[in-house]
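# sharing a model prediction with you, sequence too.
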Amino acid sequence: MKILVPVKRVVDYNVKVRPLPDQSDVDLNNVKMSVNPFCEIAVEEAVRLKEKGVATEIIVVTVGQSDSQEQLRACLALGADRAILVETQSLLEPLAIAKCLVNVVHNENPDLIILGKQAIDGDNNQTGQMLASLLDYPQATFASELEIADNQAIVTREIDGGLQTIKVNLPAVVTTDLRLNEPRYASLPNIMQAKKKTLDIMNVEDMSVDINNRLQTLSVVLPEERQAGVMVESVTELVDKLKNEAKVLS
């Protein structure tokens, strides 16, 4: 079984982002970049399937600038076998990314596509669903458990009312939730070996896909700071403030 894992390069989750002075975008100058945390979970799940003997090859792919090779090498160090960079200088929206991934899928013919349910920068939660629709593949989103048996993926999904278990025929698209697994750390020997693994570069301009953006960013600003809380001396004072200041009581 061949598994394809799309990943994304994002600002590290420990970094507090700031907008550019002209509020046109997020300031990425000298900012630490990492693999999207949900994508790390997808890579870890693919590696675990390979360790169980279910998968034979893991391919990671990303759509982005040449700097994204760093994140692809990080995924190779975690256990992926090959990497593909679909290079572009533009910041693509989920639909355009899904269209690029369709081309990669047609070239590689994976049996299973695992990707994070969303990226922590845009929080769109769209690419996996769009990819499944464009490929006409069955999909299982928000996976907290995944098993492969009899050419089917058995997926436990996290939904508002609890958990839902479904079966989908392969090939299929699965998006990962936080509780699917806990990603491992790359060992130094694996980091060194990752430098020798294959990393192919494709150009988005050679794919003949429409990558025009449908949305326009008007401005990027920080959220308003929350006001400090107020300490009260008694329940009577609390009720008075809720009535007269917050006006949540009548």
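Here it is on my side, so go on.
# would you list every one of the helices in the chain?
Taking DSSP state H as the test, the helices found in the chain are 37-51, 69-78, 94-108, 127-135, 188-194, 235-244.
# in the last one, what's buried?
By neighbour count, with 16 or more other CB atoms under 10 Å as the criterion, helix 235-244 contains no buried position. Where you see a C-beta, it was placed from the backbone N, CA and C, and this is true even at glycine.
# what do you get for the fifth one?
Within helix 188-194, the residues that count as buried by 16+ other CB under 10 Å are A194.
# which helices and strands does it pack with?
helix 69-78 (3 or more CB pairs under 8 Å, 6 or more residues apart in numbering; DSSP states H and E).
# hey, C-alpha coordinates of the helix it packs on in PDB?
Taking Å, rounded to 0.1, in the frame of the first residue of the first chain, the C-alpha atoms of helix 69-78 are listed here in PDB:
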ATOM      1  CA  GLN A  69      12.000  21.700   1.500                       C
ATOM      2  CA  GLU A  70      13.000  22.100   5.200                       C
ATOM      3  CA  GLN A  71       9.700  20.800   6.400                       C
ATOM      4  CA  LEU A  72       9.700  18.000   3.800                       C
ATOM      5  CA  ARG A  73      13.100  16.900   5.100                       C
ATOM      6  CA  ALA A  74      11.700  17.000   8.600                       C
ATOM      7  CA  CYS A  75       8.900  14.600   7.500                       C
ATOM      8  CA  LEU A  76      11.500  12.300   5.800                       C
ATOM      9  CA  ALA A  77      13.300  12.200   9.100                       C
ATOM     10  CA  LEU A  78      10.100  11.100  10.800                       C
END
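# in it, which residues are buried?
Buried-residue list, helix 69-78, by 16+ other CB under 10 Å: Q69, Q71, L72, R73, A74, C75, L76, A77, L78.
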